[in-house]
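Asker: What follows is a predicted structure for the sequence shown.
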Amino acid sequence: MHVRYFLALAGVICLALIPSVRADDTGKRNTVNELIQLFEFDKTIESMNVEILRQIETDMRQQFPDVDDTTLAAAASIVREETAPMDGRLVEYVGDLMARYYTEKELRDVLAFYKSETGRKSIKLMPKISEETGKLVREWGMPMQKRIDFRLSDLLREKGYK
């Protein structure tokens, strides 16, 4: 498997394992929860999981060109089983970050914006913008990762590491 998959998965794991910080103020927590619902973070996490699965399938097909659909389905099942427990923690953590870095007034202002026509449009466009940005990063990242791997291998070989 490629390094980028492991880095993405490591990022998700790190976010899921960081202890959460609770907002003491009920009003602040309620506003955060409303924002989380408005942003539909559960759908964002599902999109991330779908992207991870796509990358795993691509990597498996590159490494094992004759891999069958049953094996790919089993691999997807394993990934979903392993990532499912983190999904709720990730949403909780995002809420905790919002509560930590915004005052209650700022959270109400953010909520008011995202309830506006422009804010609702922003929410609808965010997944598309993120998807297109991710595609561009992958297009740039794959050749860059190969160059980095090649150069690091050369460096280690030059220094006597096998």
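Answerer: Everything's here; your move.
Asker: which secondary structure element contains the most centrally placed residue in the chain?
Answerer: Nearest to the geometric centre of the chain sits M48, at 4.9 Å (Cα atoms, centre = their mean). Secondary structure from DSSP states H and E places M48 in helix 41-63.
Asker: tell me which strands and helices that helix is in contact with?
Answerer: Applying 3 or more Cβ pairs under 8 Å, 6 or more residues apart in numbering; DSSP states H and E, we find helix 41-63 packed against helix 3-17, helix 69-101, helix 117-158. For glycine as for every other residue, the C-beta is placed from the backbone atoms N, C-alpha and C.
Asker: Was I right to think T44 contacts P127?
Answerer: Yes - T44 lies in contact with P127 (Cβ atoms under 8 Å); the separation is 7.1 Å.
Asker: more neighbours, these two?
Answerer: Using other Cβ atoms under 10 Å, the more surrounded residue of T44 and P127 is T44, with 16 against 13.
Asker: Who are the contact partners of the more buried one?
Answerer: Applying Cβ atoms under 8 Å, 6 or more residues apart in numbering, we find T44 in contact with P127.
Asker: quick one: it and K162, what's the gap?
Answerer: According to Cβ to Cβ, to the nearest Å, T44 stands 43 Å off from K162.
Asker: Ok, Q63 next?
Answerer: From Q63 to K162 the distance is 22 Å (Cβ to Cβ).
Asker: and the two? which has more neighbours close in?
Answerer: Between Q63 and K162, Q63 has the larger neighbour count (other Cβ under 10 Å), namely 10 against 4.
Asker: what's the pLDDT at that one?
Answerer: pLDDT recorded at Q63 is 91.
Asker: and the gap between it and A74?
Answerer: 16 Å.
Asker: how close does D59 get to V79?
Answerer: D59 is 12 Å from V79, by Cβ to Cβ.
Asker: M144: neighbour count?
Answerer: M144 has 12 neighbouring residues, counting by other Cβ under 10 Å.
Asker: I misspoke; the intended subject was Q145.
Answerer: Residues lying near Q145 (other Cβ under 10 Å) number 15.
Asker: do the same with L136
Answerer: 10.
Asker: before we move on, back to that, quick check, pLDDT for the residue nearest to the centre of the chain.
Answerer: pLDDT at M48 comes out at 79.
Asker: circling back: list the buried residues in the helix holding M48.
Answerer: Within helix 41-63, the residues scored as buried using 16 or more other Cβ atoms under 10 Å are 41, 44-45, 48-49, 51-53, 55-57.
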